[in-house]
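**Student:** my questions concern the predicted model and sequence given below.
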Amino acid sequence: MFRWTVRVNGAPQASWQCATAAVKDKLYVFGFSRDDDELRRLDVNIFNTVSLTWATLPPVTGERHQCPPEVPTYRHGHKAVPIEHVIYVWGGNRGNRLYAFDAVSHRWFNPGRVSGAVPKARAHHSACALGKVMYVYGGEFFGFHGESTISYNDICTLDTTTMVWSLVDTKGKQSHYLKYHSATIIGTKMFVFGGMNKEMRVFDKEMRVFDTETNAWLNTPSAQLHCSWHGAFLYNGELCIFGNENLHRPLGTTYILTYNDLWKFNTETFSWKEVKPKGKGPFRMCQMGCGMVGDRLVVFGGHHKGMGPHDDVYILDLSPSLKTLCKLAVIHHRLERSELPHDIRWELAAMTTNTNSDKNYEKKQRKPVIRKPVIRKPALLRIDPDLGSPPIPAILRPACPVQQSNQHSSTSRARSPPRFTAAAVNPFTTYDGNGRASLG
């Protein structure tokens, strides 16, 4: 039974297109969405899934207040891959240098001399680990200063024991040029799903499987689902995805749709099954960061068109314990907590602080407001009996018909000025040349 159990807002900064990695009970977030700055160091923020609190590492500066060479500068479209207690950060829009972060000492360090066939610089690729080997697939290189954008479909590996890069000579059907996709290791196979090609088209019903033992792409049936910018994770041997973005071009128009649905993929039957967790989950989003901490999925940030980046953290408990369900019941029914043990009260306080209470969240979740049409009051007009032209706007009109003078009469009769009073004129009223009104 999947259930959304915790939501905490108030991250150091709203984020999307960041790189995340889960080590033990913490989610490490590398980089937040902000303006490009080649000299700004890459932010490292840590979310503790036990205390449900954020911690930001202090800035690391070198000589002349410059960023040290072992610390990456700001970037986006990069990936972070945890291997034991070390998190390797590679790619993005700032080159192809490899960076290493120690999750124990919380320090950047030089990974040593990197050799071999170093991949070309790219962003929006996929990266995953099998043992101590990191696999990088696809991506694109942003064209700067008039340079053209280049897409890739190669597979590169990094042996973290020898720090040697290798270009894999793949077999089988040539893989697609992909970006915004996901790659997940299941056993000895890498499952590549979703994404877009270099023409910005979403691949429908496409699941690619790469066998790491034979270095061959396998022939697979249709997967009957399509998405990009989604979050992928592995649970009980099944591939799961959450949230995504689709680019549609019907009849020559282009529009983007985002989703917050959850799907499970069965590797034996090659079929998808939608899962509807209980509880209040995130809003429709894409480009978020995900990480598995035990039996819990931690989702951070993300983006939704028209609403900007998010600063929320959601925790999806894939196998909630009886203790968790009891705490949720206490929160939902607002039961008395004074007699509960101190640690339970502390956990309840952590779960309810900034959880499902802020106005911004309610604003995101509520249905669109249908505005009623504004009915304007009809204008007030004046009828001048002596003029044959259409009436002009004014405040008053005659209270009764006024007899017009006979221009062919030999004697001119004295006319008293017409009496005026304030009255509303029907907006559908028309007038003839003599100023007489009639309903249109």
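**Tutor:** Now that the structure is in, tell me what you want to look at.
**Student:** next helix or strand past the helix or strand hosting Lys327?
**Tutor:** In this assignment (DSSP states H and E), Lys327 forms part of helix 322-333. Downstream of helix 322-333, the next assigned helix or strand under DSSP H and E is helix 342-352.
**Student:** ok, the residue nearest in space to the middle of the chain - contacts?
**Tutor:** Residue closest to the mean C-alpha point of the chain, counted by Cα atoms, centre = their mean, is His303 at 2.2 Å. The contact partners of His303, taken as Cβ atoms under 8 Å, 6 or more residues apart in numbering, are 16-17, 285-288, 309-310. C-beta coordinates here come from the backbone N, C-alpha and C atoms, glycine included.
**Student:** about what we covered before: relative to helix 342-352, how tilted is the helix holding Lys327?
**Tutor:** Put simply, helix 322-333 runs at 60 degrees to helix 342-352, going by axes from the mean of the first three to the mean of the last three Cα atoms, to 10 degrees.
**Student:** packing partners for helix 322-333?
**Tutor:** The contact analysis (3 or more Cβ pairs under 8 Å, 6 or more residues apart in numbering; DSSP states H and E) places helix 322-333 against strand 3-8, helix 342-352.
**Student:** how is the protein carved up into domains?
**Tutor:** 3-320, 379-440 (automatic domain parsing).
**Student:** helix or strand: which one has Phe101?
**Tutor:** Going by DSSP H and E, Phe101 is part of strand 99-102.
**Student:** tell me, how many residues neighbour Met292?
**Tutor:** Met292 has 16 neighbours, counted by other Cβ atoms under 10 Å.
**Student:** look up phi and psi at it.
**Tutor:** The phi/psi pair for Met292 (degrees, to the nearest 10) reads phi -90, psi 120.
**Student:** surely it and Asn236 touch.
**Tutor:** No: using Cβ atoms under 8 Å, Met292 is not in contact with Asn236; the gap is 11.2 Å.
**Student:** how much space separates Glu339 from Val330?
**Tutor:** Counting by Cβ to Cβ, to the nearest Å, the separation of Glu339 from Val330 is 11 Å.
**Student:** higher neighbour count, these two?
**Tutor:** Shown here are Glu339 and Val330; by other Cβ under 10 Å, Val330 has more neighbours (18 against 7).
**Student:** for that one, what are its contacts?
**Tutor:** By Cβ under 8 Å, 6+ apart, the contact set of Val330 is 337, 340, 348.
**Student:** returning to what we had before: how about the strand holding Phe101: buried residues?
**Tutor:** 99-101 (16 or more other Cβ atoms under 10 Å).
**Student:** how many residues are close by the closest residue to Met292 other than its chain neighbours?
**Tutor:** Nearest non-adjacent residue to Met292, counting by Cβ to Cβ, 6 or more residues apart in numbering: Phe233, 5.1 Å away. Using other Cβ under 10 Å, Phe233 has 20 other residues around it.
**Student:** hang on, the earlier thing: and which of the contacts of Val330 is nearest Ala55?
**Tutor:** Leu348 (21.8 Å; Cβ to Cβ).
**Student:** check contacts around the closest one.
**Tutor:** Here Leu348 is in contact with 327, 330-331, 337, 340 (Cβ under 8 Å, 6+ apart).
**Student:** export those to a markdown table and tack on pLDDT and distance to Pro221?
**Tutor:** Listed next are the contacts of Leu348 as a markdown table, based on pLDDT from 0 to 100; distance: Cβ to Cβ, whole Å:
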| residue | pLDDT | distance to Pro221 |
| --- | --- | --- |
| Lys327 | 90 | 43 |
| Val330 | 91 | 47 |
| Ile331 | 87 | 44 |
| Arg337 | 91 | 53 |
| Leu340 | 91 | 52 |
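**Student:** among those residues, which one lies nearest to Glu245?
**Tutor:** Ile331 (32.2 Å).
**Student:** wait, Lys179 sits on Phe141?
**Tutor:** No: contact criterion Cβ under 8 Å: Lys179 and Phe141 do not qualify, at 10.2 Å.
**Student:** residue contacts, Asn215?
**Tutor:** Contacts of Asn215 (Cβ under 8 Å, 6+ apart): 168-171.
**Student:** again, 10 Å this time
**Tutor:** 155, 157, 168-172 (Cβ atoms under 10 Å, 6 or more residues apart in numbering).
**Student:** likewise for Trp217?
**Tutor:** Contacts of Trp217 (Cβ under 10 Å, 6+ apart): 155, 170-175, 190, 192, 208-211.
**Student:** I'd guess it is in a helix, am I close?
**Tutor:** No: according to DSSP: H, G, I helix; E, B strand; the rest coil, Trp217 belongs to no helix; its state is strand.
**Student:** so, low pLDDT: which residues of the stretch 301-440 of the chain?
**Tutor:** Along the stretch 301-440 of the chain, the model assigns pLDDT under 70 to residues 305-308, 352-440.
**Student:** mind redoing it with 50?
**Tutor:** Applying pLDDT under 50 to the stretch 301-440 of the chain flags the ranges 355-384, 387-431, 435, 437-440.
**Student:** most packed of the domains of the chain?
**Tutor:** domain 3-320 (a mean of 18; mean count of other Cβ atoms under 10 Å).
**Student:** roughly how far is that domain from the heart of the chain?
**Tutor:** The chain centroid and the centroid of domain 3-320 are separated by 13 Å under Cα atoms, centre = their mean, to the nearest Å.
**Student:** ends of it, what's the gap?
**Tutor:** 7 Å (Cα to Cα, to the nearest Å).
**Student:** since that was my last question, I'll sign off now.
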